[in-house]
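[1] dropping the sequence and predicted coords here.
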Amino acid sequence: MFDHLKQLSKHANTFLDNRWTSPLHTDAATEKHSSLWPSSDDFFHPLNPMFSVFFADTRQVNAYDVVLLRDGAHTLLDFYIRFPTPKKSRTLFLVNAELYFLVPDAWRSQTLAYRVDYAHQKPSNKLVFYGLISETFMSWNRSKYHIPNWLKKFSPDSDVSAYFVVRNEALNHQWDDKTISFEVATTLQHHFNKKIEFLNYESLKKQGSNGEATFVSLDLWRTGVGLCAIENLFMGQAIKVHPRGKYEAFSGDKIGEWPMSFGHKMSIYRGDCPDSDYGTFFMMRKMNAYPLTPKLLDILAERLKVI
Amino acid sequence: MRLSTSVIFYVVQLFSAISNRWMLKVCVVYSFKPSAWVSCQKIVTNLLKAYQLNSDQLELTMIDFSNRISDYDFVASGTKLVNAKPDVVLFLDHQPHPVYFLSWVAREFKEINHNPSYVFHLYGDFSLTFKEWELIEVLLEKSHVLWYAASERQKAMLSEFIPAEQLDICPFPVDPKEFRWNGKRDELFRQQQGWKENETIFLFTGRLSRQKRIHQLLTTFTEWRNETKANARLVFVGDPDKVGEPWLGKPEFESEYFHYLMSLMEEMTKEEKSKISFYGFRPNKELPEFYQAADCLVNISVHNDEDYGMTCAEAQACGLPMILTDWAGFQGFQRPGLEEEVQLVPVRLSPKGKLINLKALKAALTKMHEEHRRFDREKIARTSLEWTSVASAAKIVAKNPEKMKLFTKFHPLLHQAAHREYYTKHNTFSNFKKKSFNDLYLKVYSHYVRPS
C-alpha cells in the first residue's frame, strides 16, 4: 500500500502546481481557506496537501489521485456532510489520525490516516501562544471551561507572548463573538503572573530564533487546522512545539513514514478507530440544528487528550 | 603645588576638548531587531565591533531603524540622529532600506543646514531594491559618500550602477574569538558523530537552497565516490529554504526543496546514503565544532546574492581548505598563498542558467581527498584572518574620511533597472516568457564569473 502511495506521489497531478488557475480555485473557497491563515498557508508535500473547501462538487472530488487533507474538524465535517459517500470518486484521501472518528464509514476504505511525529519536550518557561481566535473554531461557551484547566499544566511564572489572529467569521454568523479575543487574553493573563506580550506575525516567526521558547497552539482540539503550516515550519527548524490534542484510541496499522524535515516526519496508517461520530452531525445537519460547533467541541474534548 | 595642580587640570581639559573636537561624530543606523537571515545578524554584529575598535577616533551613536518600527519610534530615532548633528551617517544593515529613513532625516538636516557624509555597507540584496536606490539619489545630492562592497566581484558588479571612485571594499568580518583554528583536528567530536578517523569529511554549512545547488552536490559527490571508491562523507549543516530560482520562473513552496532532496536520496543505494549526513539547523555557537572536525568545506553555490560568503569566511578562519565555485564573492577567498588550499570550480553564465563544471568539481574532490592532510591549517586560518578579521575591517573603516567622495549621480543603468523592477513587479532580471535570464542579468552578473 505504501509503495502504491509513493508511486502516486511521483506521478500525481497536484493542486499547488496550478493553484491559481485550477478549476477548483474559486473566490469563495479561497476566502474560507484564507480565513484560517497563517495556519492554512501553503506548503509542499508530494501527497498533494490541500483543504477540502476547494471541492465544490462531486466531479471535483475525483480530480486528483491522492489528496492529503489538511483540514481541521470543522471543515472536514463540512466536507463529509456535503459528500456523505464517495460516489464515483477513486481518490485516495489522507486525513489527520486525530480526527479519524469523523470519517463516515462509506469513505473509510479509501481514506488513510496520518500523524505528525516529532520529539517534543516539556514546555519551557518562555511560552508563545498562537491561534485563530474565533467563535466558529473555539465555541467560547465550551472552551472557557476547558482552557483554564488546560493552562494549569504551564508554570504561572512563565514569560508569555501571544499572537492572536482575529478576523470576521467566515463560516458562522454570530453577533456575540466580538469580545472573544479579550476573553481569551484575560483567561491567559489570569493564569500567568507576568504581563503578556502581544506579537504580530513577523515577531511570532522571529521568536523562533529564541531557542528557549515553546510554541503553543490555541487550536487545541484541531477544530481549525489538522496539519498546520506554522507547526510544519517550526518543527522543520527544530523549534519546540507543544503537542495538540491526540486521539489515543486510534489503532490503525502503520504502513510507512514520510520525512517532512530533518526534525519531523509523517507516519501513515491504514485507518481504524473504535469511534464513529459522523452520524451524529449528519443527523443534526439534517434536522437543521445550528450551530454544529458546540457539539463538535464537546466530542473533540472527549476524544482528544491534550497535554 | 596648588597652582601646578590647577594648571595640569586645565591642560588636561584643553587636551580633551581638542581631541574631542577631532573625534568624528558617527551615527550608526541599523536594526536593533536581528535580521531573519542568520548570516546578516553576524555581519551587523561584527561590523559594529570593527567600528567600535576605532572608538579613539570615532564618537559612535547607535540609532535604531527596524522593520515595522512604530511611527513614534521612527520619529524618535530620526530626531536623535538629527540632534546629534553627526559628521557621518553610517548605514550598517541590509534591512529596512535606508531610503525610508533617509527621506525623513535629509529633510530635517536641510532645515538646520547640516550636511553630513554617508557610508553604506552594501549587501547581496542591492539588486533587488533598485527602485529604492533610485529614490536615494536626490537625497544624497551635495553630500560626500562611500559605498562598501564586500568583495572584489561585488564591487565590479556595483560599478555598473555606482561611480567606481565612490566604491571601496570592506569584507564582512569574522570574529576570531568565535571562529579560529585550535591547533588540531577535533577527533573527539568526530568520534561522537561516528565519523571514521581516516574518512575525509566534506562539509557544507548554510541554507539548503536550490541556487546553492545542494542537489547537484549530492548527486555529483555520490557519482564521484562510486567512481573513485574514496572513503569520504558529505555532511550538510543547515535547513532547506524556499527561495527557488524566481528569475528562471521556478518559485518554490515551503518544504518543496526538502522533498526534492529526499527524493534524490531515495534513489540512492543504502551504502550511498550511509555516506551522506544531514544535521538540519544548528545554532551558530555549534558551527566551530563542525569546522574544527571536518577536512574540507565544499560550497558550489551560484546564488544571485552570493556577494561574499559568510560561512566560507568563518570556515576558513577555522583553517578549513575549501572547494568553492568561481562565482561572485567566493573567488575572493582564494587569497594569495592559498591557491592550493582553495579550489575554485568554474561556472558559466548562460540565459538558461548558471552551469557548474561538474568534471572540475570531481577533480577538486579528488585533490582535496588526497591532499587535505598536507595543508597547513594554521596558515589557512592566519592568511584568512589577515583579510577578514574584525581587526582588519577596523583598519579599513578607519580610513573612511579619506575615501569619501562628493556624490555624483548613479549610472543610467540603475534607472533602467529601477524602471524594469517597477514594471515587471520585481522580475527585473527575468525573461518571463522564455523562463530564462534577460540581457540585463547577463550584463550585470557577468561580473560574478571569471571573464572567458
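    Thanks, I have the structure now.

[2] show me which residues of chain A sit near chain B.
    A:16, A:41-46, A:200, A:202, A:205-206, A:209, A:211, A:229, A:232-233, A:236-238, A:259-263 (CB under 8 Å from any CB of the partner chain). Just so you know, the C-beta spots here come from the backbone N, C-alpha and C atoms, and that holds for glycine as well.

[3] in helices, which of these appear?
    A:E202, A:K205, A:K206, A:A229, A:N232, A:L233, A:G236 (DSSP state H).

[4] most neighbours among those, which one?
    A:N232 (24 neighbours; other CB atoms under 10 Å in any protein chain shown).

[5] tell me the pLDDT at the closest residue to A:S9 other than its chain neighbours?
    Closest residue in space to A:S9, ignoring its immediate chain neighbours: A:P46 at 3.7 Å, by CB to CB, 6 or more residues apart in numbering or on different chains. At A:P46, the pLDDT value in this model is 91.

[6] returning to that earlier point: any chance of the ones in helices among the residues of chain A next to chain B in a markdown table, plus distance to A:A56 and pLDDT?
    Formatted as a markdown table, these follow (distance: CB to CB, whole Å; pLDDT from 0 to 100):
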| residue | distance to A:A56 | pLDDT |
| --- | --- | --- |
| A:E202 | 34 | 82 |
| A:K205 | 33 | 82 |
| A:K206 | 38 | 78 |
| A:A229 | 23 | 93 |
| A:N232 | 26 | 90 |
| A:L233 | 29 | 88 |
| A:G236 | 32 | 83 |
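
[7] quick revisit: filter the residues of chain A next to chain B to the buried ones?
    Among the residues of chain A next to chain B, the ones that count as buried by 16 or more other CB atoms under 10 Å in any protein chain shown are A:41-46, A:205-206, A:229, A:232-233, A:236-238, A:259-263.

[8] so where's the stretch 51-200 of chain B uncertain?
    Scanning the stretch 51-200 of chain B for pLDDT under 70 picks out nothing.

[9] 90 instead, please
    Scanning the stretch 51-200 of chain B with the threshold set as pLDDT under 90 gives B:66-71, B:94-95, B:141-142.

[10] for it, which segments count as strands?
    Under the criterion DSSP state E, counting those that start in this stretch, the stretch 51-200 of chain B contains strands at B:58-64, B:88-91, B:117-121, B:144-149, B:167-169, B:200-205.

[11] neighbours around the closest residue to chain A within chain B, how many?
    Closest approach of chain B to chain A (CB to the nearest CB) occurs at B:G280, with a separation of 3.2 Å. When neighbours are defined as other CB under 10 Å, B:G280 has 16 of them.

[12] for B:Y308, same thing?
    B:Y308: 25 neighbours (other CB under 10 Å).

[13] and what of the one 4 residues further on?
    Summarising burial for B:C312: neighbours were counted as other CB under 10 Å, giving 26.

[14] how about it, secondary structure?
    Classification of B:C312 using DSSP: H, G, I helix; E, B strand; the rest coil returns helix.

[15] was I right to think the residue nearest to A:S9 contacts A:H11?
    No - in this structure, A:P46 is not within contact of A:H11 by CB atoms under 8 Å, at 10.2 Å.

[16] if we can go back for a sec, what sits against the residue nearest to A:S9?
    A:P46 makes contact with A:S9, A:K10, A:A12, A:W258, B:H259, B:S263 under the criterion CB atoms under 8 Å, 6 or more residues apart in numbering or on different chains.

[17] can you say which of those residues are buried?
    A:S9, A:A12, A:W258, B:H259.

[18] quickly note the distance from the first one to B:S384.
    Taking CB to CB, to the nearest Å as the criterion, A:S9 is separated from B:S384 by 45 Å.

[19] just A:A113 next, same as before
    In terms of CB to CB, A:A113 sits 53 Å off from B:S384.

[20] same thing with B:F278?
    For B:F278, the distance to B:S384 equals 27 Å [CB to CB].

[21] which of those two has more neighbours?
    With neighbours defined as other CB under 10 Å, B:F278 and B:S384 compare such that B:S384 has more, 31 against 22.

[22] surely that one is in a helix?
    Yes - assessed by three-state DSSP, B:S384 belongs to a helix.

[23] show me the contacts for it.
    Taking CB under 8 Å, 6+ apart as the criterion, B:S384 is in contact with B:V174, B:A313, B:Q316, B:A317, B:F333, B:R335, B:L338.

[24] ok, A:Y201 next?
    Here A:Y201 is in contact with A:P38, A:Y163 (CB under 8 Å, 6+ apart).

[25] quick one on the thing from earlier: next step: the buried ones among the contacts of A:P46 restricted to helices.
    A:S9, B:H259.

[26] can you pick out the most distant pair from the buried ones among the contacts of A:P46?
    Comparing all pairs in the buried ones among the contacts of A:P46 by CB to CB, the longest separation belongs to A:A12 and A:W258, at 13.8 Å.

[27] joint contacts of those two?
    With CB under 8 Å, 6+ apart as the test, A:A12 and A:W258 both reach A:P46, A:L47.

[28] only alpha carbons, please: show stretch B:308-317 as CSV.
    This file holds the C-alpha atoms of stretch B:308-317, laid out as CSV (Å, rounded to 0.1, in the frame of the first residue of the first chain):
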residue,chain,number,x,y,z
TYR,B,308,30.5,37.4,-0.1
GLY,B,309,30.1,34.1,1.6
MET,B,310,30.0,34.5,5.4
THR,B,311,30.1,30.8,6.1
CYS,B,312,33.2,30.4,3.9
ALA,B,313,34.9,33.2,5.8
GLU,B,314,34.1,31.5,9.1
ALA,B,315,35.2,28.1,7.9
GLN,B,316,38.5,29.5,6.5
ALA,B,317,39.1,31.3,9.8
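
[29] what's next to that stretch, contact-wise?
    Counting by CB under 8 Å, 6+ apart, B:39, B:42-43, B:124, B:150-151, B:154, B:171-172, B:174, B:176, B:178-181, B:203, B:205-206, B:287-288, B:291, B:297, B:299, B:301, B:322, B:324, B:328-330, B:332-333, B:342, B:380-381, B:384-385, B:388-389 sit against stretch B:308-317.

[30] tell me which of these fall in helices.
    Counting by DSSP H, the contacts of stretch B:308-317 place B:S39, B:K42, B:I43, B:Q154, B:L287, B:P288, B:Y291, B:I380, B:A381, B:S384, B:L385, B:T388 in helices.

[31] who wins on neighbours among these?
    B:S384 (31 neighbours).

[32] that one and B:R180, how far apart?
    For B:S384, the distance to B:R180 - CB to CB - is 10 Å.

[33] can you check B:P116 too?
    37 Å.

[34] the residue minimising distance to the centre of chain B is in what secondary structure piece?
    The centroid of chain B falls nearest to B:Y308 when counting by CA atoms, centre = their mean (4.1 Å). Using DSSP states H and E, B:Y308 maps to neither a helix nor a strand.
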